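>>> Predicted model and sequence below, questions to follow.
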Amino acid sequence: MPQPAEHFENRGQTVNVRGRQRPYLECRRIRRRDYYLLERVGSPFRESYLAFDRLAGPGGSYFLVQSLPVDKAAEQHLRVLSRLKSDAFPRVVEWDKQRHQIDVALTWTEGISLAEYLQNIRDGRRPHVEPAQALRLVNGLPHAVCHLQRRLQINHGDIQPANVIITSAPSRLQLIDFGSAWTTDWTSRRNEGDGHHRCYAAPELQTGTAGLTLASDQFSVSVLLFELLTQQLPYGGLGGKAGRSEFVARAADTLVAPSQIWSGCKQLPRSLRDRLDALVLRGLALNPNERYPDHNTWLNQWEELKALFRITPELPPIENMLTRVIGWFVRQRDTLQK
């Protein structure tokens with residue numbers, strides 16, 4: 001039987017976090033473990049904290065601690081979290097239910113968010129992502145989305161750069177923040193959860209014309225790939241908002257293929273360029289019925305494109321260097337002309 005959680009408010013104390021003293025907000029006991037809440041993180045709609053457990057492994061470990069109200073939404077959230085067992089997602093370590101709240105401790109992923117990664121590119125701290133690199137980086141997402149829906153009967157509902165973590169060791173993607181997710185068997189009783197980002201959420205979720213399906217998460221993944229390739233949002237910066245009534249009439253005219261925006265895509269062989277554009281544009285269709293119809297069709301397109309990139313011979317070193325230098329000058333020219 002779960003032990004009742006206890007809260008020990010901090011009165012100016014610090015905790016040793018891997019050799020460094022850090023102030024903490026409070027010490028929260030969940031079952032028989034003490035979690036030092038270091039800072040509030042994540043969605044403003046959910047009480048979530050970066051926490052530290054001094055006794056978890058050599059030197060202690062970080063965790064994510066969430067406090068949920070005792071209601072239907074929390075029940076839905078726990079149903080989702082309890083099904084996540086893969087390293088591709090955060091996993092529940094333990095949880096306690098009290099009279100007025102539920103405390104949940106989840107694994108913490110160390111790395112940077114895709115949002116921060118994209119901002120570093122815009123600020124010039126990282127080079128622009130090459131098409132092959134963008135595919136390798138995002139490739140885990142469609143597989144994760146299909147795994148969630150096929151094996152776990154879960155729809156995420158809020159795929160956006162802030163909810164995708166590039167882990168530090170090994171380097172891979174992890175999908176986080178399941179505050180808007182729900183299980184497919186609960187669709188009729190769905191609670192909105194934490195909501196979604198309008199630029200990345202599928203149009204049908206914003207207009208209420210359809211529920212969350214594979215097609216909805218497929219749209220969000222396609223927006224991420226488009227943004228990685230071009231440093232812009234599709235539909236002239238509107239993203240998923242393009243399907244709303246005030247924009248939809250002119251939306252079709254604003255969707256441009258990635259290869260028409262970034263010179264790095266234009267330098268690809270035509271066959272690769274066309275396949276890459278087709279993958280992105282079909283996933284970005286405003287009508288969910290015009291996107292890829294099922295898991296296998298969608299994943300096969302990703303795998304075939306990856307294979308084409310792998311078998312395409314790389315340029316000799318000197319030509320590759322010249323191509324990069326020319327690309328840099330082209331980007332500088334484009335910047336000056338804006």
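Nice, I can see it. Residues are numbered from 1 along each chain as shown.

>>> use CA for all of it now, contacts and neighbours both
OK.

>>> Need the phi and psi values for residue 173.
Phi and psi for residue 173, reported as degrees, to the nearest 10, are phi -100, psi 140.

>>> Run a quick neighbour tally on residue 238.
By other C-alpha atoms under 10 Å, 19 other residues sit near residue 238.

>>> That one and residue 258, how far apart?
15 Å (C-alpha to C-alpha, to the nearest Å).

>>> How about residue 18?
The value you get for residue 18 to residue 258, if C-alpha to C-alpha is used, is 44 Å.

>>> Give me the distance from stretch 41-54 to the chain's centre.
Taking C-alpha atoms, centre = their mean, to the nearest Å, the mean C-alpha location of stretch 41-54 is offset from the chain mean by 17 Å.

>>> related to what we said a few turns ago, more neighbours, residue 18 and residue 258?
Remark: of residue 18 and residue 258, residue 258 carries more neighbours, 28 against 13, as counted by other C-alpha under 10 Å.

>>> Just give the closest residue to residue 177, not the sequence neighbours.
Using C-alpha to C-alpha, 6 or more residues apart in numbering and skipping the chain neighbours, the partner closest in space to residue 177 is residue 163 (5.9 Å).

>>> who's in contact with the one you found?
113, 114, 175, 176, 177 (C-alpha atoms under 8 Å, 6 or more residues apart in numbering).

>>> which of these sit farthest apart?
Spatial extent of the contacts of residue 163 (C-alpha to C-alpha) is set by the pair 114 and 177 at 13.3 Å.

>>> from memory residue 282 sits against residue 291, does it?
Yes. Applying C-alpha atoms under 8 Å as the test, residue 282 and residue 291 come out as touching, 5.3 Å apart.

>>> Looking at these two now, which is surrounded by more residues?
Each of residue 282 and residue 291 has its neighbours counted (other C-alpha under 10 Å); residue 291 has more, 21 against 18.

>>> Low-confidence regions, the stretch 201-338 of the chain specifically.
For the stretch 201-338 of the chain, the stretches with pLDDT under 70 are 311-338.

>>> first vs last residue of stretch 282-298, how far apart are they?
Using C-alpha to C-alpha, the span of stretch 282-298 from its first residue to its last is 10 Å.

>>> Could you do stretch 103-113 as well?
Distance between the two ends of stretch 103-113: 25 Å, counting by C-alpha to C-alpha.

>>> Also stretch 80-99?
First-to-last residue span, stretch 80-99, C-alpha to C-alpha: 21 Å.

>>> do the same with stretch 242-251
End-to-end distance for stretch 242-251: 6 Å, by C-alpha to C-alpha.

>>> Show residues contacting it.
203, 204, 206, 207, 235, 241, 286.

>>> separation between the fourth one and residue 178?
Between residue 207 and residue 178 the distance, using C-alpha to C-alpha, works out to 21 Å.

>>> out of those two, which sits in the busier spot?
Neighbour totals were compared for residue 207 and residue 178, and residue 178 leads with 22 against 13 (other C-alpha under 10 Å).
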